[in-house]
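*Asks:* Have a look; sequence and predicted model below, questions after that.
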Amino acid sequence: MGDKSCCWLVFFLFIFSSFVEQSHGRVRKQTELLKLLQKAKMQGNSGIDTSLFEVNEIKSEAESYKILPQKGMKEKDRIERLPGQPHVGFSQYGGYVTIDESKGEAFYYYFVEAPTSRESLPLLLWFNGGMYL
């Protein structure tokens, strides 16, 4: 009976040690990759496009769009409180931005104002609704 228990114990220790080795190897690999990414960022050859965005082409297309009246839309889209979430100390808005009224195309947007310094902080606007070209 003692020999069987010993064999099972050795078997499970072997299996356990192989899992431990695999997990530590994965962590080591992730650490090395993170170090390579940080090194590439410091050297400036990370492959990330940091060039400025060109707006000239879009501006000519944007001039042909009809801007619909926006009066009262901001307060209509204001979200007082999200379900199941606590009260927050900033304004948030959500609604639809009409892209093509004749086709009924619209993007859903979600906008959160900064709690302080709204005039100087950057703007982030989240759109959902697919690709429109």
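*Replies:* Alright, I've got the coordinates.
*Asks:* For the longest helix belonging to the chain, the averaged confidence score.
*Replies:* Looking across the chain with DSSP state H, the single longest helix is helix 2-43. Computed over helix 2-43, the mean pLDDT rounds to 74.
*Asks:* Remind me what that helix packs against, helices and strands.
*Replies:* Applying 3 or more CB pairs under 8 Å, 6 or more residues apart in numbering; DSSP states H and E, we find helix 2-43 packed against no helix or strand. For glycine as for every other residue, the C-beta is placed from the backbone atoms N, C-alpha and C.
*Asks:* gap between it and the chain center?
*Replies:* Distance of helix 2-43 from its chain centroid, counting by CA atoms, centre = their mean, to the nearest Å, is 30 Å.
*Asks:* now do stretch 104-120
*Replies:* Centroid separation between stretch 104-120 and its chain, computed with CA atoms, centre = their mean, is 15 Å.
*Asks:* end to end, how far does it reach?
*Replies:* Taking CA to CA, to the nearest Å, stretch 104-120 runs 35 Å from one end to the other.
*Asks:* Which residues in that stretch does the neighbour count mark as buried?
*Replies:* For stretch 104-120, a neighbour-count test (16 or more other CB atoms under 10 Å) marks 107, 109, 111 as buried.
*Asks:* The last one: which element?
*Replies:* Assessed by DSSP states H and E, residue 111 sits inside strand 105-112.
*Asks:* Which neighbouring elements make contact with the next helix or strand after that strand?
*Replies:* Once strand 105-112 ends, the next helix or strand along the chain (criterion: DSSP H and E) is strand 125-128. Counting by 3+ CB pairs under 8 Å, 6+ apart, the packing neighbours recorded for strand 125-128 are strand 105-112.
*Asks:* So in that sheet, which strands flank the strand it packs on, and in what orientation?
*Replies:* Note on strand 105-112: by DSSP bridges, its sheet partners are strand 92-100 (antiparallel), strand 125-128 (antiparallel).
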